[in-house]
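Engineer: Could you look at this predicted model? Sequence included:
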Amino acid sequence: MLGVLTGLRQEARIIRRFLPDVPIALSYADPIRAERETQRLVDLGCTHLLSFGCAGGLQPDLAPGTVLSADHVMLDNERIDCDETLSQHFGAERLLRGGLLHSDVLVATQEDKYYAAASSQCLAVDMESGYVAQSGLPFAVLRVICDDAERDLPPAAIDGMRDGQVYILGLLKSLVTAPQQIPALIALGRDVSLAQKEIVDFLAANPPPLDV
């Protein structure tokens, strides 16, 4: 039985459209919850896992909307290989392949992204794949770039999220405090929408088997 770990509610809604009967767990970008929810999937009897959702780009040539299938995850400087058969079930042969860096903290600035890329040689970074990788079960990673390597995330992108969805009060407070970030926030929202569309389109064109 497949189990899916993702970060946000919208990501869970997307994968639910294509895998309606599999257990799906959400981390809400919280490492403690990510670890606990991965274990919950294992306890439910899942025999293989998928890390799914958005990722931050680490390489300058990766534009928002690029869908990728990791061939390995870097966790605490250790390489953990993805399961190739499971990856192929999720269209890996049609996608960019490479490393996915796990981070327990948000890699939000251009400087931090540059350092993460240089130290790991990975394509992208997320906050869930490391827990899937260290579960001991066969796993795959299907992610889409939602922010590129050459810009900082606006503070409102962080302040405006809580429990895996938009937190209006935090968003408004951040914008009132620093209104100059509004253009960057609009651009990020546009890129996230593009990323979600691209991964939906990919899954619609390459539907995973329901009994994976």
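Structural biologist: Done, it's in.

Engineer: continuing past the helix or strand encompassing Leu50, what's the next helix or strand?
Structural biologist: According to DSSP states H and E, Leu50 maps onto strand 48-57. Counting by DSSP H and E, the element after strand 48-57 in chain order, helix or strand, is strand 67-75.

Engineer: Could you list every helix and strand in contact with that next one?
Structural biologist: Strand 67-75 sits against strand 48-57, strand 78-81, helix 84-89, strand 96-102, helix 129-133, strand 139-147, helix 182-205, with contacts defined as 3 or more CB pairs under 8 Å, 6 or more residues apart in numbering; DSSP states H and E. Backbone N, C-alpha and C define where each C-beta goes, glycine included.

Engineer: Please name whichever of those is nearest to Ile32.
Structural biologist: Comparison of the helices and strands packed on strand 67-75 against Ile32 by CB to CB identifies helix 129-133 as nearest, at 10.3 Å.

Engineer: list the buried ones in the strand holding Leu50?
Structural biologist: His48, Leu49, Leu50, Ser51, Phe52, Gly53, Cys54, Ala55, Gly56, Gly57 (16 or more other CB atoms under 10 Å).

Engineer: quick one, it and strand 139-147 angle?
Structural biologist: Here strand 48-57 runs at an angle of 20 degrees relative to strand 139-147 (axes from the mean of the first three to the mean of the last three CA atoms, to 10 degrees).

Engineer: okay, the angle between strand 48-57 and strand 96-102?
Structural biologist: Using the same axes, to 10 degrees: strand 48-57 against strand 96-102 is 90 degrees.

Engineer: ok now strand 48-57, how far from the chain's centre?
Structural biologist: The chain centre lies 4 Å from the centre of strand 48-57; the measure is CA atoms, centre = their mean, to the nearest Å.

Engineer: avg pLDDT for it?
Structural biologist: For strand 48-57, mean pLDDT is 97.

Engineer: partner strands of it, parallel or antiparallel?
Structural biologist: Taking DSSP bridges as the criterion, strand 48-57 forms sheet pairs with strand 2-6 (parallel), strand 124-126 (antiparallel), strand 139-147 (parallel).

Engineer: That strand to helix 182-205, inter-axis angle?
Structural biologist: Using the same axes, to 10 degrees: strand 48-57 against helix 182-205 is 150 degrees.

Engineer: Specify the angle between strand 48-57 and strand 67-75 in degrees.
Structural biologist: 100 degrees.

Engineer: how far away is Gln121 from Leu75?
Structural biologist: Going from Gln121 to Leu75 by CB to CB, to the nearest Å gives 14 Å.

Engineer: Please apply the same query to Pro138.
Structural biologist: Counting by CB to CB, the gap from Pro138 to Leu75 is 16 Å.

Engineer: Between those two, which is the more surrounded one?
Structural biologist: Legend: neighbour count by other CB atoms under 10 Å for Pro138 and Leu75, higher for Leu75 (19 against 16).
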